[in-house]
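A.B. asks: Quick one, what's the 3D model for this:
(one chain, ligands or ions: 2)
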Amino acid sequence: MAALSPALARTAPLYDRVRRVIPPIEWPAFADDADAILELKRRRNAVILAHNYQTPEIFHCVADIVGDSLALARKAMTVDANVIVLAGVHFMAETAKLLNPDKTVLIPDLAAGCSLAESITAADVRLMRERYPGVPVVTYVNTSAAVKAESDICCTSGNARAVVESLGVKRVIMLPDEYLAQNVAAETDVEIIAWKGHCEVHERFSADDIRQLREDHPDVTVLAHPECPPDVVAVADFSGSTAAMSDYVATRKPPRVVLMTECSMSDNVAVQHPEVDFIRPCNLCPHMKRITLKNIRSALEKNEHVVTIDPAVAERARRAVERMLAI
Ligand code: 13P
Ligand code: SF4
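C.D. replies: Ligands and ions are numbered 1, 2, ... in the order given. The predicted model follows:
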């Protein structure tokens, strides 16, 4: 039998973590980069923050901090390193930079965007303020720093209702995800004025998908992200952020589950719960999938792409994020 390459031998314990979701034949394609990334992190005093939608070889093998948008923002404040690599999309890297102005924050692919972030500009927010004078603006973190800078407070899918209710007002503007706004409106007495932004991944799920799933698998538990249309959330068993869905599986251990969200999420949660059967009608986020072990390695080797934010914008955007984190 041929001897293992040094990288394959060194990364064998990493592969053990993901063997349930990555076939053995695929691991050699990851081993070199994973091995190099671990060494680069040590050499550069770097940490990798990875969102729940990152692929398992990133999420389970090289990331130091993982979670939903809220957890990544919170944990970004506590990072003790010179360099942060954000394995996620651009707005997440900007949030990490807002909270760590003196650290180098890298995003491995500058084109890792988000359809929600692209649906609204700072000028749009100013127009909404003119149209609804005095009504506070709650902005989803899935937005650019320039949009956050025009806002009173940010929210994530994990705290949207709490943020809306924390303002103690009868009416708020909530931007830019129309479905998240409608899903929050269904749970609160606060009137919500929405924008017409949608997540290109979650808008594709339908209530019919769920009806079909329940017909095919009568015992399935359906968990839906609140970026899904309200009729999808209405027929799901539970709706919550990616972290809340993961916690639901960990604590309730449903025998069979479907996560109406991005595909890698099921892989990442399945690794930790071999006893749960995951049904997988999922949708890929093309932006999240731009991040790979190869470009994480290259980011650390070449120090690219450095995230920068105009200081005047950053100061105002940071205020909106910090106000959210204080809740
Ligand atoms: P979470 O904050 O729930 O992780 O969601 C982020 C996101 O981009 C969902 O599409
Ligand atoms: Fe944006 Fe949707 Fe992708 Fe999340 S899944 S990053 S909201 S496009």
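
A.B. asks: what sits against residue 98?
C.D. replies: Contact analysis of residue 98 by Cβ atoms under 8 Å, 6 or more residues apart in numbering lists 145, 148, 309, 314, 317, 318, 321. (Glycine included, C-beta is placed from N, CA and C.)

A.B. asks: repeat for residue 180
C.D. replies: Here residue 180 is in contact with 140, 157, 160, 174, 226, 227 (criterion: Cβ under 8 Å, 6+ apart).

A.B. asks: Tell me which of these fall in strands.
C.D. replies: Among the contacts of residue 180, DSSP state E puts 140, 174 in strands.

A.B. asks: before we move on, the earlier item: name the nearest of the contacts of residue 98 relative to residue 89.
C.D. replies: residue 145 (13.3 Å; Cβ to Cβ).

A.B. asks: pretty sure that closest one contacts residue 94?
C.D. replies: Yes: judged on Cβ atoms under 8 Å, residue 145 makes contact with residue 94 at a distance of 4.8 Å.

A.B. asks: Neighbour count: these two, which is higher?
C.D. replies: Set residue 145 next to residue 94 and count neighbours by other Cβ atoms under 10 Å: residue 94 wins out with 27 against 23.

A.B. asks: Which of the three states applies to residue 265?
C.D. replies: When classified by DSSP: H, G, I helix; E, B strand; the rest coil, residue 265 comes out as helix.

A.B. asks: burial count for it?
C.D. replies: Residues within reach of residue 265, counting by other Cβ under 10 Å, total 26.

A.B. asks: Can you name the residues that contact it?
C.D. replies: By Cβ under 8 Å, 6+ apart, residue 265 lies in contact with 52, 53, 242, 245, 246, 259, 282.

A.B. asks: And for residue 302?
C.D. replies: Taking Cβ under 8 Å, 6+ apart as the test, residue 302 contacts no residue whatsoever.

A.B. asks: try the one 4 residues further on
C.D. replies: By Cβ under 8 Å, 6+ apart, the contact list for residue 306 reads 104, 105, 106.

A.B. asks: So which of the contacts of residue 98 are in helices?
C.D. replies: Taking DSSP state H as the definition of helices, those contribute 145, 148, 314, 317, 318, 321.

A.B. asks: about what we covered before: any common contacting residues for residue 145 and residue 94?
C.D. replies: Shared contacts of residue 145 and residue 94, counting by Cβ under 8 Å, 6+ apart, come down to 309, 317.

A.B. asks: Can you give me the neighbour number for residue 280?
C.D. replies: Residues lying near residue 280 (other Cβ under 10 Å) number 11.

A.B. asks: Report the separation between it and residue 297.
C.D. replies: According to Cβ to Cβ, to the nearest Å, residue 280 stands 28 Å off from residue 297.

A.B. asks: Isn't residue 196 up against residue 175?
C.D. replies: No: if you go by Cβ under 8 Å, residue 196 and residue 175 don't touch, sitting 9.9 Å apart.

A.B. asks: of those two, who's got more company?
C.D. replies: Using other Cβ under 10 Å as the criterion, residue 196 and residue 175 rank with residue 175 on top: 29 against 11.

A.B. asks: Could I get the contacting residues of that one?
C.D. replies: 120, 124-125, 128, 137-140, 143, 147, 151, 181, 194-195, 197.

A.B. asks: Could you do residue 283 as well?
C.D. replies: Contacts for residue 283 (Cβ under 8 Å, 6+ apart) come out as 201, 202, 204, 205, 261, 262, 263.

A.B. asks: Pull out the buried members of those.
C.D. replies: 201, 202, 205, 261, 262, 263 (16 or more other Cβ atoms under 10 Å).

A.B. asks: any idea how far ligand 2 is from the second one?
C.D. replies: Note on residue 202: its distance to ligand 2, by Cβ to the nearest ligand atom, to the nearest Å, is 6 Å.

A.B. asks: Is it correct that that residue is in contact with residue 225?
C.D. replies: Yes: using Cβ under 8 Å, residue 202 is in contact with residue 225, at 5.6 Å.

A.B. asks: Give the intersection of the neighbour lists for these two.
C.D. replies: Overlap of the contact sets of residue 202 and residue 225 (by Cβ under 8 Å, 6+ apart) consists of 260, 261.
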